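Student: Predicted model, plus sequence, below.
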Amino acid sequence: MRAIRVASAALLGVTALSLSAPAAHAARLSDLTSFGFGVTPSAVAPGGQVILRVDGCRHRTTVSSGVFDAVMIPRGHSSATATVDRDARPGTVYEVTFQCGDESGRTDLTIVGDRPTHHPTHHPTRGSHAGAGGTVAGFDLSEIGLGAALVAGTMGAAWYWSRRRPEGDGHS
């Protein structure tokens, strides 16, 4: 009987751990490549520039997106710059595709804010807060806290149920 409780507690713990991983950070199968790639910044205003980075590609890399013209990164080089279309709509997320030989990887580029203004009466803006870019995932403290609470609660319940003796088992 005790083995069933321990197995149930272990299964409950494994289930809680698997459910606590945020799905938003899960990589798409198509993003697993033998080369590294990224866009910096990962959020930009219309008309802004981004740096397209590739690491470990032994071929010419073609980078394309619906928000800027296709860019070639020559063999032996690791980066290039692209200018985002001025008519890009803020709040839109565009897919950026890196093609290296027969492999391709994708990441997202988010358009933020309004079009840059060049009026002398306006004060300069600080620009958008950009993340690490590319395939680098950031940490969200609320997700980490929720995951930790789920794991701690599951482990506490597992410990409680594995230590509890059934009533009337003859041991007092």
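Tutor: Sure, I can see it.

Student: residues near the closest residue to residue 60 other than its chain neighbours, how many?
Tutor: With sequence-adjacent residues excluded and distances taken as Cβ to Cβ, 6 or more residues apart in numbering, residue 60 is closest to residue 75, at 5.0 Å. All C-beta atoms are positioned from the backbone trio N, CA, C, and that covers glycine. Close neighbours of residue 75, defined as other Cβ atoms under 10 Å, add up to 11.

Student: didn't residue 75 look like it was pressed against residue 59?
Tutor: Yes. Contact criterion Cβ atoms under 8 Å: residue 75 and residue 59 qualify, at 5.9 Å.

Student: ok, which stretches of this structure are helices?
Tutor: Counting by DSSP state H, the segments of the chain that form helices are 2-20, 141-163.

Student: worst average pLDDT in those?
Tutor: Mean pLDDT values for the helices of the chain show the minimum at helix 2-20, a mean of 57.

Student: What ranges does this protein have for its strands?
Tutor: In the chain, the strands defined using DSSP state E lie at 36-40, 43-44, 49-55, 61-65, 68-73, 79-83, 93-100, 103-111.

Student: With residue 91 as the reference, measure out to residue 43.
Tutor: 11 Å (Cβ to Cβ, to the nearest Å).

Student: Quick check: neighbours shared by the two?
Tutor: Here residue 43 and residue 91 have 111-112 as joint contacts, going by Cβ atoms under 8 Å, 6 or more residues apart in numbering.

Student: Just want to know which of these two has more residues nearby.
Tutor: The neighbour comparison of residue 43 against residue 91 (other Cβ under 10 Å) goes to residue 43, with 20 against 9.

Student: beta partners for that one?
Tutor: For residue 43, the beta-bridge assignment (DSSP bridges) gives partners residue 110.
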